[in-house]
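Student: Here is a sequence with its predicted model. Questions after.
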Amino acid sequence: MSISPALCTIVPPHILRALAQSSDERVARAAERTLRVRVTITGMREARANRPRPGQPRAGGLIPPDLQARVEETSLRRPASLTAAPKRSVHDAQQGTTLPGTLVRGEADGPSSDESVNEAYDGLGATWSLLHDEFSRDSLDDEGLPLIATVHYDRNFDNAYWDGEQMVFGDGDGVYFSSFTDSIDVIGHELAHGLTQYTAGLVYVGQSGALNESVSDVIGSMVKQRERNETAAQADWLIGEGLFTDKVQGIALRSLKAPGTAYDDPKLGKDPQPASMDDYQDLPHDDSGDNGGVHINSGIPNHAFYRAAVALDGNSWETVGPVWYDALTAGRLPKDADFVAFAQATVKAASARYGDGSAQEQAVDQAWRDVKVF
């Protein structure tokens, strides 16, 4: 059976469904409209995501795909050009839904009077810098892909998403959610869906979909920590801090440090993320079940990354971050990789980068044991 991937959004559908039942008509309409956009954009994103990725073996021809992959892997692993630079453009949808909208700030332009424009611009740059400076990657596709963002999308839009080609940010409903450019980790998270699209292409369902979400949370966390110059011990490890208004009893959408504790609100419910396989949620592989709990079970690999990073101390983007990046980009992960396959890939990547028996390899292996994946 073929399963179409859902739209990669920062706010999980179970929160939007809760808001759609609100007695506040404005909040309910905003949530319902946001849910409808998920359905509309999903098909377009699927078509874009299915395009051949750079270095992906082509079907047909004399050379079998497995041989193509081995040959092309070497050529793909090259240092990013020293002259590489981000190519950012931020557009304003002006509460409409036509993308990308009106160009309001390009790469050579100075700051805008619009805070959302500047936040989006800076977030794109911070994510590009993490990939380039720490992982020697030239943008999401490693070929200098321009980074495009649209702000002020639709009215009271309660989400941010990557549509396969660009970033889109809503302003929130002003009751439960504020502007989605307020959190730099949200920007890094959504752009990282593009990184996964151009590398491992993890199918957005079940455990591979939870890994897709987790990789984005990991990248988003590293972007925020690097901008704040925080060590693993100093960081808050929150995703979406600042998105909730004061009306919500919660501090963020998710916590890598303590999955299941980010919010506990009478309207939104309690954060459902598990921290280990003991509480894994086996949900339907459809939209009603969050495609098998991709936003929920991602708490398990999220917590593994956190535990490895804290065990190694220092800066996460310099210790365990390169291990996760290597596992994602080496070209060996199947698109439907489960938690065990990804965990094994990270242990191998730690060994390859730092050596057998290294502190990094031991920390990564132990982290997966701590969350009961091994």
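Tutor: On my side now, so go ahead.
Student: burial measure for the closest residue to Pro111 other than its chain neighbours, as a count.
Tutor: Among residues not flanking Pro111 along the chain, Asn118 sits closest, at 5.3 Å (Cβ to Cβ, 6 or more residues apart in numbering). C-betas here are computed from N, CA, C, even on glycine. The tally of other residues near Asn118 (other Cβ atoms under 10 Å) stands at 17.
Student: With Leu238 instead?
Tutor: 24.
Student: That one contacts Arg254, correct?
Tutor: Yes: counting by Cβ atoms under 8 Å, Arg254 is a contact partner of Leu238 at 7.3 Å.
Student: Overlap in contacts, these two.
Tutor: Counting by Cβ atoms under 8 Å, 6 or more residues apart in numbering, the shared contacts of Leu238 and Arg254 are Ala262.
Student: Which residues are in contact with the residue at minimal distance from the centre of the chain?
Tutor: By Cα atoms, centre = their mean, the chain has its centre lying nearest to Ser216, at 2.2 Å. Under the criterion of Cβ under 8 Å, 6+ apart, the neighbours of Ser216 are 8, 188-190, 192-193, 196.
Student: Turn the residues you listed into TSV, including distance to Leu35 and secondary structure.
Tutor: Shown next, in TSV, are the contacts of Ser216 (distance: Cβ to Cβ, whole Å; DSSP: H, G, I helix; E, B strand; the rest coil):
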residue	distance to Leu35	secondary structure
Cys8	15	strand
Gly188	24	helix
His189	20	helix
Glu190	18	helix
Ala192	23	helix
His193	19	helix
Thr196	23	helix
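Student: element containing Ala350?
Tutor: Remark: Ala350 resides in helix 339-354, with elements defined by DSSP states H and E.
Student: How about Ile187?
Tutor: Ile187 belongs to helix 184-198, assigned by DSSP H and E.
Student: and Ala311, how many residues sit next to it?
Tutor: 18.
Student: That one belongs to a strand?
Tutor: No: going by DSSP: H, G, I helix; E, B strand; the rest coil, the assignment for Ala311 is helix, not a strand.
Student: Not counting its neighbours along the chain, what's nearest it?
Tutor: Here the residue nearest Ala311, using Cβ to Cβ, 6+ apart, is Ala363, at 4.2 Å.
Student: that older thread, kindly present the contacts of Ser216 as JSON lines, with separate columns for distance to Asp286.
Tutor: Below are the contacts of Ser216 laid out as JSON lines (distance: Cβ to Cβ, whole Å):
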{"residue": "Cys8", "distance to Asp286": "16"}
{"residue": "Gly188", "distance to Asp286": "28"}
{"residue": "His189", "distance to Asp286": "23"}
{"residue": "Glu190", "distance to Asp286": "23"}
{"residue": "Ala192", "distance to Asp286": "24"}
{"residue": "His193", "distance to Asp286": "20"}
{"residue": "Thr196", "distance to Asp286": "21"}
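Student: mind putting these in a markdown table, pLDDT and neighbour count included?
Tutor: Shown next, in a markdown table, are the contacts of Ser216 (pLDDT from 0 to 100; neighbours: other Cβ atoms under 10 Å):
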| residue | pLDDT | neighbour count |
| --- | --- | --- |
| Cys8 | 78 | 29 |
| Gly188 | 98 | 28 |
| His189 | 97 | 31 |
| Glu190 | 95 | 28 |
| Ala192 | 98 | 28 |
| His193 | 96 | 28 |
| Thr196 | 97 | 23 |
